[in-house]
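K.L.:
Quick one, fold the following:
(chains A and B)
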Amino acid sequence: MIIQLHVTNWLCYKEIKLNFTSGLNLLFGDNGTGKTSIIRAIFMGLFGECPAFKNLDKSQLILHGENVAVIRIQFLKSQSDSNSFLVERTITGNRLSSEIFFMENHTEKKTLKRGNKPVTEFIIDTLGIKNNMYKLIFFGEGEMGQYLYSNRIFRKNLTQKILNIENAEKILRTISKIKNINRNRIKDLKKRNNDYQMQIKKFPERIENLNELLEKKENLENKITNLQTKLEGMSDDSQIKRFERIRNQLSIYEQETSEDYREIEILNRSLKSKLNRINLYEKDITSFNQSEEDVLINTDLKIKEIEKDIARREQDRNRALAELDFVSTQLKLFNLGGDSPQSKCPTCDQPISKEYRFIRYKNLQDDFDKKKRDIENFSKLLLSKSKFITKLKKDRELLTLKISEQKEIKQLEEEIASVKYRIEDKLILIKDLELELEDNTIGTDKSRSLQKQLSIHQKEVDQLDGQITAIQNLETTFFSINDEIDENIKIITDLENSMKFLELLKEGTEDVYNEIASTLISEVKPILSEKIKTLSDFQIEISDIDSKFLFPIVKIAGNERNFQNLSGGEKLITYLAFRLSLLEVYGRSSFFLIDDPSDNLDSAHSVELLDDIKSIISPPDNPLKQVIVATNDIRFSGPISPEIETPWKKLYVLKKQKNEENEQIYTHEEIEYNPTEIKSPSWEKFPYTNIKEQLENGFKESILKRFSEDYRDDFLFKQFYVTAFVDILGEYNIDYIKVIDPQTRELDFIIIKNSNRIGVVLKSTSIIEKEYYLDLNQVFSIKNALSRLNLNGLLYSIYFNKESYWKAFYFSKDDLEGPLSEENIGLAQDLESYLK
Amino acid sequence: MLKNEKKKLDPKAIFAQSIKNSELFTDMDENKTALILGFFEKAYYNDKYNIEKGLQNLLRDLV
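P.N.:
Model prediction:
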């Protein structure tokens, strides 16, 4: 049994020391007040690990800014022991170190063991946790919710995890995977060996051929040697050399001649292209037909002449233009004279007769016309001359190009002729040499025949060499394939041996899994139905346990029911009973840690679960002696039933607040149940039975007197009081209960019930943190809700559904008297008047 | 079911007993048995243990 937890620098806590007692220990607080940190500290302290920190670096468990965290847990082997044990786990950086002490009379320390593993093993043994199944004592955050709302595979995984057999399944899966890999590998290697065998089957035959080939090669090489000797003996050296020289010379000449022919070909191509160009020039030249040189000279002269002529004619034209200008002036003067008979000569100023003036004018006009025509003729002539001279110039240019090309052609022709002469010379030389060669050939015929034979043999030897190399390569391949076959056989043998070991491992692991699973069926099954009965009134029976999915098969009223088809309450009770039975059979622990059991559950299920958990420790013969629960559900601290006097033995209210320096600090208030001092109400003192009697007798309204003023601001009292009344409302068909202060005759609080909701209004203040009250917005919305429900009272988030689950929260009147907005002042006044 | 009550649900003990009872266990030397038990212990109790790698290493050591 755990008696004390003392942590320093652990997660959010600088330091906290909590004492625990047997029975139900509650850690109560809002989210983020450090409840879970405490539960996890207990688990970590006892077992040196915690599932939630599985993938975390341990240094992250130390309070920010500190270097070392320490968890100390003092525990008893059995409830009545006068000596205890103290485990100390120290986290420095990412390292965990452990030590356990014997505490004589709970004070004197004596080291028992050091080291993480030995310490954990000692604790497991001392606390009486069997089979190393310490994970069973921890009911994790949201576990119930996950179980209720998931499928059977997930439920199976969760059970495997709790029973610590999830890794057995992982091992089996891995074995199966490796077996498959090995099996395929063996198959592949055997197939490869078969293929190799087929390949090397033909090798010996071919290798026999090798000797034959080698023999053949040797014979040929002998023949070659003989031929070479003969050749050397019969040939005159100088004659052969001369023969060779002539042949070489001839070959050089032939080579040169062939190059000359190629040159001629190139020159001819160039010649042809030049001739083509000349043809093109000739087509364009139209001005003359004479020989090019004459034309060239004549054309130059002609061009000069025509240019001179053009210059002359331009002068003539200019002169004619001047004359035309003069005549034109005179004509104008004559015109100025008009028709008057006394007109005067424009030049001599003498009177001129009309007749003379007419004749004179006509002459001038004729002269003017003639000159104009002359000028036009001049212009035409000039234009034609200019065109002619342009054409002449162009033709002259083409002719120049043609002449230049012709000169080049001449050069080319000369060059071709020279190459031709050279070829002719070479041909003569070649002919001479051929004659000379012919003379020499007669002497070398025999040697040539021998050489030919020699060359044939040489070729045969080369061919044989190729065949021999191929066979020798085959021989190497043959040996390497043989090596590979041997290697494969060895691997196959190893793999087959591995398969045996894998099979052995598989059998062993399956036995572990089956042994634990069969215990589940044989030992958990019989106690499970009983456990359900002790926890609830449900008529649930367990017909069997599904060995595949490791879950109880539920029977209700004689019929087997699928888990998914059970009601929420049935599911809750079945799982909780299953969980506790597992703890009893596998773990046999005397204590149980529960972290936020209502997480992931809806309100109704949450409330039911809390009641069930309270019932866990009820039976006196229950091996479970201590339960530590972390919760944020305020109802959890309320009474269980009139028959059970002590819902819990120790209550810690955890808080998170800011200190004077505005730093976040975590504090706690310890509340201990002590029946002798009657600090808390008891059922005997509380007029519960009376109320029930009155209600059963048909009262629709009951006025209760508060029996002691001492409890006015007592947190527990209010819990007790409110939950008791809400219970009554839930059970009986009444609308509301008013509680009147007996001295002041004022209304103390009121509990209201509608068809599916229950509201509680408290007048007095409470010690509970502000967060638990409604804020003004909520009050406002509640007012609307109330008007919809046609109630003049208040309603505060108490859930009440058809299955009679409830969850109570409440707020004090004082909260409504804070700084209110104008709108809410009216509301507060309404509330005030209602309360009065 | 094994006789020893304390070891009844002890996975390591069940495993050890099982492999010793197996026909495949015949003539296996102590070293190999220790290797197999060692592997099982690590794979079963250590969630961070790489089972596949460990198994491959074990087979290499055994064969």
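K.L.:
Could you find the closest non-adjacent residue to the residue positioned nearest the centre of chain B?
P.N.:
By CA atoms, centre = their mean, chain B has its centre lying nearest to residue B:37, at 3.0 Å. Closest residue to residue B:37 apart from its sequence neighbours, by CB to CB, 6 or more residues apart in numbering or on different chains: residue B:16 at 5.8 Å. C-betas here are computed from N, CA, C, even on glycine.
K.L.:
The one you found against residue B:36, yeah?
P.N.:
No - with contact defined as CB atoms under 8 Å, residue B:16 does not reach residue B:36; the gap is 9.0 Å.
K.L.:
Run the chain-centre distance for the lengthiest helix in chain B.
P.N.:
Longest helix in chain B, counting residues (DSSP state H): helix B:30-45. A distance of 4 Å separates the centroid of the chain from that of helix B:30-45, by CA atoms, centre = their mean, to the nearest Å.
K.L.:
Other residues contacting that helix?
P.N.:
Residues from elsewhere that reach helix B:30-45 (CB atoms under 8 Å, 6 or more residues apart in numbering or on different chains): A:132, A:164, A:167-168, A:170-171, A:501, A:504-505, A:508-509, A:512, B:11-12, B:15-16, B:19-20, B:25, B:49, B:51, B:54-55, B:58, B:61-62.
K.L.:
What of stretch A:533-553?
P.N.:
A:152-153, A:155-156, A:159-160, A:163, A:517-518, A:520-521, A:524-525, A:528-529, A:532, A:554-557, A:560, A:563, A:569-570, A:573-574, A:576-578, A:580, A:612, A:615-616, A:618-619.
K.L.:
same question for that stretch, mean pLDDT?
P.N.:
For stretch A:533-553, the mean pLDDT works out to 85.
K.L.:
Alpha carbons of it, in PDB - could you do that?
P.N.:
Output of stretch A:533-553 as PDB, limited to C-alpha atoms (Å, rounded to 0.1, in the frame of the first residue of the first chain):
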ATOM      1  CA  LYS A 533     -22.900  -8.500  -9.500                       C
ATOM      2  CA  THR A 534     -20.900  -6.800  -6.800                       C
ATOM      3  CA  LEU A 535     -20.600  -3.700  -8.900                       C
ATOM      4  CA  SER A 536     -24.100  -3.300 -10.100                       C
ATOM      5  CA  ASP A 537     -27.600  -4.600 -10.300                       C
ATOM      6  CA  PHE A 538     -27.300  -5.500 -14.000                       C
ATOM      7  CA  GLN A 539     -28.400  -9.000 -14.800                       C
ATOM      8  CA  ILE A 540     -25.300  -9.700 -16.900                       C
ATOM      9  CA  GLU A 541     -23.800 -13.100 -17.100                       C
ATOM     10  CA  ILE A 542     -20.600 -14.200 -18.800                       C
ATOM     11  CA  SER A 543     -21.100 -17.300 -20.900                       C
ATOM     12  CA  ASP A 544     -17.500 -17.500 -22.100                       C
ATOM     13  CA  ILE A 545     -14.400 -15.600 -23.100                       C
ATOM     14  CA  ASP A 546     -13.600 -15.200 -26.700                       C
ATOM     15  CA  SER A 547     -10.200 -16.700 -27.100                       C
ATOM     16  CA  LYS A 548      -9.500 -14.900 -30.400                       C
ATOM     17  CA  PHE A 549     -10.500 -11.400 -29.300                       C
ATOM     18  CA  LEU A 550      -9.900 -12.000 -25.600                       C
ATOM     19  CA  PHE A 551     -13.200 -10.500 -24.500                       C
ATOM     20  CA  PRO A 552     -16.100 -11.800 -22.400                       C
ATOM     21  CA  ILE A 553     -19.100 -13.100 -24.300                       C
END
